[in-house]
Every structure is written in structure tokens, then in C-alpha cells.
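>>> Fold the following and give me the result.
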Amino acid sequence: MTAVHPPATRRADVTVLGRGTGPAAQARAAYGALRARLTHPGAVRLTEFVTVAALDAHHELTAARAAVFPDAAGSARTVVVESLPDPDALLAVRAGTGSAAGDGTVHLPTVLPLDDHGDVAHPDDFPAQYAFCLRKAGRLLKSAGLSLDHAVTTFDYTTPATRRAYPGCAGPRRELLGGAGVFPGAGGILMSRLHAPGILVALDVTASRHPLSSVNPGWSRYDTLTYSPGVLAGRTLHMSGFAALDMETQQALYPGDPVAQTETVMRAVLEVVAAAGGGPEHLVSVEEYLCPPALGDRYAVAVARARVLGATSTPAVTSVGCATLLRREFLTEVFPTAVLPAPVEGGAR
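This is a model prediction of the structure:
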């Protein structure tokens, strides 16, 4: 195993914060600056993090994106966030510009519970909207020659009002996912608002053309859940969202302490990476969500993350603010991805 060497080709995420007066001006400036920083602007996967304060101008943001990145607009994620590191920024845009050779990953645009007429489906019914989004994602994957059986992650964004109904998503997940024997990774983040009135859930689904295998360090809690700690597809390890949880007792750890929670979270991430045959240096990206009590400790959280990962690990980190998480004790949740090294001669990693 070549654990000391990172993959030959790493994801190179580039993130630009909005600058200017008003969301439309910020979007034009951010997308223009992002394009100027990319070597190959046509081969990108876009994610825009749009603050709640900018939601009412979302059509203008979409137009700015399409004007600068017309080829990537159809697969862009749009994640609603409460805040960004710069309090004056109304949005941030990120481009993932590389992947391991033969990665085979298929990224869907953010799936919303909107029907063909643009109307909200199943008003006031969270489980039904969740199932609608999964089926809609399935149709999008079918057009790419895949199905929900190929899903490697499903990240959902909901609101605090849906917290009591959230367990109801387990039914459609069990019905529609894991048909090939591997449930995708999953994560759940709560924002005060989503993309439009009446939307109770937004879903980001990623799939792979490679055969899938579940990666679990031995945590028994996942035996009855509809998601896996990690899913290995080719050389890419797609992981669930992680918060500070005791994996055996399911007790939330270190309530009120974002630094201790961050250390716990990153140690769990490294356990999954190790179970897949990798090391800290193979972690390529971390999407971090911080609740309001943790935002003031953002620097200390970053130091804690770096301390656990060590000097050889330099993932691209995107840190944003959320309203809350599925358990009130959690102050941070991360969505990580790793790329394992190419096999060496003889078949070993």
C-alpha cells in the first residue's frame, strides 16, 4: 500500500466569495473571478452557496451563472446557507476542477420538489416531498444510463420545522435506495429557509458508474440505517455527513464545545478513510457546516481540524453557516471526500 503518496490527480476546488453591492452584482463578480482562476473552465462542477438574504434574487444569480458557465449550469448544486465567512458576502461559488482518473462520478443538480409546471409538489408533506425528490433524481440518473442503485451520496437540506417529521424519510429511502445492496452515504443540514416558499427539502445526489462497496470501520449502528458511513466507487471514497456522535451508544458528544466536536468528527472521518485503505493525505475535500454557536469559534475549529488531520493532509475546505442540525446538540457537520492512490504493480494499493 502506498499510503505516503497522494493520488496523482487531486480535486482542485476553487472558491470565490461574492463582492459588491447586491446579490446580482456579487454573482456576476464571483462567477467572473472564478472563471478567470480556472485553467479549464469548461470541465468544472459548480456549487453555489446562496445565503438566505439573497434567495429572493435567485433568478438573477442563475442568469449570472449561465452567462459565465453555460456548459456547467445544468449540473450545478445550489446550497442555501445562513452565512458565509465574510459577513458582507451574499453568495460563494465553488468549482471542483479535477478528479482521479476514471473517477466515473455523476453529479446531479440540486433536486427540488417542483413538478413540471414549477409548482411545489405535496405541500406540507415532508416524507412525500422527499420521495418525490428521490424519484426525480432517479429519472435524471436514468437519462445518464444509471439508476438510484448507483447513488453514492444523498445530502438533504431541510428546515427546523421539519425536524419532527424527518424520520419519515426512512421509508422512501428504504424503498428507493440500496437496491444493489449498498446504501449511499447521507447527511442532513437545516436552514431557516430553502429555495422557494413551500419547499421542505432540497436533495443533492451523487452517483458513480463504478461498482459500489460499502465502507464501515465496524460501527454496528449502520446495520439498521438507510445509509453507509462510506461508499467506495473506483478510487473515490464518498462519505456520509459526520457529527460528534458516539458510534456505539449514539450519544451526542461534547455539547456546547465546537472544538472538541470537530476533533471527534475528523477522527471519525479518518477511521472511514483508513477502513478503505487510505490515510489522511488522501482526503481531498471537506464541506463544513457550522451552527451559530460555533461560528464565533471558526478559527479554533479550523485549527482543531488541521491538528487531527496532520501536516500531510491538505483537503479543500468550504466552511459555511447553517441554522441548526438534526440533533440540537450538534454544532458542526462535515461532508468529506477522499481519493485513494492508484494501485501499484501487483494489484495492491
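>>> from here on, contacts and neighbour counts on C-alpha atoms
Noted.
>>> Could you report the distance from V259 to S313?
To S313, V259 is 18 Å away according to C-alpha to C-alpha, to the nearest Å.
>>> neighbour count winner among these two?
V259 (22 against 17; other C-alpha atoms under 10 Å).
>>> three-state assignment of the more buried one?
Under DSSP: H, G, I helix; E, B strand; the rest coil, the three-state class of V259 is helix.
>>> Skipping adjacent residues, who's closest to it in space?
V301 (5.2 Å; C-alpha to C-alpha, 6 or more residues apart in numbering).
>>> pLDDT score for that neighbour?
pLDDT recorded at V301 is 97.
>>> For burial, what's the neighbour tally of it?
22.
>>> on contacts alone, who are the packing partners of the helix or strand that contains it?
Secondary structure assignment for V301, by DSSP states H and E: helix 298-309. Judged by 3 or more C-alpha pairs under 8 Å, 6 or more residues apart in numbering; DSSP states H and E, helix 298-309 is in contact with helix 258-275.
>>> one more time with 6 Å, if that's ok
Contact partners of helix 298-309 among helices and strands, from 3 or more C-alpha pairs under 6 Å, 6 or more residues apart in numbering; DSSP states H and E: none.
>>> Name the next helix or strand downstream of that helix, please.
strand 316-321.
>>> okay, the angle between that following strand and helix 298-309?
140 degrees (axes from the mean of the first three to the mean of the last three C-alpha atoms, to 10 degrees).
>>> Quick check: closest non-adjacent residue to T105.
S208 (4.4 Å).
>>> What of L309?
P280 (5.8 Å).
>>> What are the phi and psi values at the one you found?
Backbone dihedrals for P280, given as degrees, to the nearest 10, come out at phi -60, psi -30.
>>> What count of nearby residues applies to it?
Neighbours of P280 using other C-alpha under 10 Å come to 25.
>>> Next: the one 4 residues further on.
Using other C-alpha under 10 Å, V284 has 25 neighbouring residues.
>>> now the one 3 residues further on
Burial of E287 is recorded as 16 neighbouring residues (other C-alpha under 10 Å).
>>> do G32 as well
Around G32 there are 17 residues (other C-alpha under 10 Å).
>>> Now do the closest residue to it other than its chain neighbours against A30, distance only.
Nearest residue to G32 in three dimensions, chain neighbours excluded: V68, at 6.7 Å (C-alpha to C-alpha, 6+ apart). Distance of V68 to A30, computed by C-alpha to C-alpha: 10 Å.
>>> Between these two, which has more neighbouring residues?
For the pair V68 and A30, the greater number of neighbours falls to A30 (24 against 16), based on other C-alpha under 10 Å.
>>> The more buried one: what secondary structure?
helix.
>>> same deal with P341?
Strictly by three-state DSSP, P341 counts as coil.
>>> Quick check: the gap between it and G278.
8 Å.
>>> The residue nearest to T105 contacts H107, doesn't it?
No - applying C-alpha atoms under 6 Å, one finds S208 not in contact with H107, separated by 8.6 Å.
>>> More neighbours: which of those two?
Of the pair S208 and H107, S208 is the one with more neighbours under other C-alpha under 10 Å, namely 23 against 19.
>>> All the strands of the stretch 151-300 of the chain, residue numbers only.
151-158, 185-190, 202-208, 212-215, 230-233, 236-239, 283-290 (DSSP state E, counting those that start in this stretch).
>>> closest to A131 out of those strands?
strand 202-208 (10.4 Å; C-alpha to C-alpha).
>>> Convert that closest one to CSV, retaining C-alpha atoms only.
Extracted as CSV, the C-alpha positions of strand 202-208 are listed here (Å, rounded to 0.1, in the frame of the first residue of the first chain):
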residue,chain,number,x,y,z
ALA,A,202,-33.7,20.0,-1.3
LEU,A,203,-31.6,17.0,-2.3
ASP,A,204,-28.1,16.7,-3.7
VAL,A,205,-27.5,13.2,-5.2
THR,A,206,-24.2,11.9,-6.5
ALA,A,207,-23.8,8.6,-8.3
SER,A,208,-21.0,6.6,-9.8
